[in-house]
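Q: Need the 3D shape of this:
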Amino acid sequence: MKRFVLAMLLAAAGVAHATEYETQAIKVDAKASRCLEQSAGEKEARDRVAADAANICREKGYGWHVQEVKSAGNVACSPCESDKTRCQATNVELICRRLKPGSTGMGMLPFLGTGFKD
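A: Model (predicted):
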């Protein structure tokens, strides 16, 4: 039992380091809205920024997520049908983040498979 307590104390000491993150700033254009009236198209373009930001960060790979939308960008519209427009947010600035590989959860590796015994 004493060995087990000592091993657990040593293991806890090995995990006491800080978690590190990788971040990357990205500037992109969000997806265009459907053909809508001008005001509805602008609103949809602004609303899509959050969903598009999450997808853009996830496309970077496993573990990436949105840390912050620094700027929602500008809404630009172009005509598409009769009196309707298609709008999109341009120059959206994001910060994507993920845990730095190997920065956390690695403190117990030396003890795996040792089979603590009294």
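Q: Now do the strands in this protein.
A: 21-28, 65-71, 74-81, 84-90, 92-99 (DSSP state E).
Q: out of those, deepest packed?
A: Mean neighbour count (mean count of other Cβ atoms under 10 Å) peaks for strand 84-90 among these, with a mean of 20. Just so you know, the C-beta spots here come from the backbone N, C-alpha and C atoms, and that holds for glycine as well.
Q: so where's this structure uncertain?
A: Applying pLDDT under 70 to the chain flags the ranges 1-17, 105-118.
Q: which other residues reach the top helix by length along the chain?
A: In the chain, with assignment by DSSP state H, the single longest helix is helix 38-58. Helix 38-58 is contacted from outside by 26, 28, 30-36, 64-66, 69, 72-73, 75, 77, 84-89, 92, 94, 96-97, using Cβ atoms under 8 Å, 6 or more residues apart in numbering.
Q: Export stretch 42-57 to CSV, keeping only CA atoms.
A: Taking C-alpha atoms only, stretch 42-57 is exported to CSV below (Å, rounded to 0.1, in the frame of the first residue of the first chain):
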residue,chain,number,x,y,z
GLU,A,42,-27.4,40.9,-45.2
LYS,A,43,-28.8,39.4,-42.0
GLU,A,44,-28.2,35.8,-43.2
ALA,A,45,-24.7,36.7,-44.2
ARG,A,46,-23.9,38.0,-40.7
ASP,A,47,-25.6,35.0,-39.0
ARG,A,48,-23.6,32.6,-41.0
VAL,A,49,-20.2,33.9,-39.7
ALA,A,50,-20.3,31.8,-36.5
ALA,A,51,-21.2,28.6,-38.2
ASP,A,52,-18.7,29.1,-41.0
ALA,A,53,-16.0,30.0,-38.5
ALA,A,54,-16.5,26.7,-36.6
ASN,A,55,-16.3,24.7,-39.9
ILE,A,56,-13.2,26.6,-41.1
CYS,A,57,-11.3,25.8,-37.9
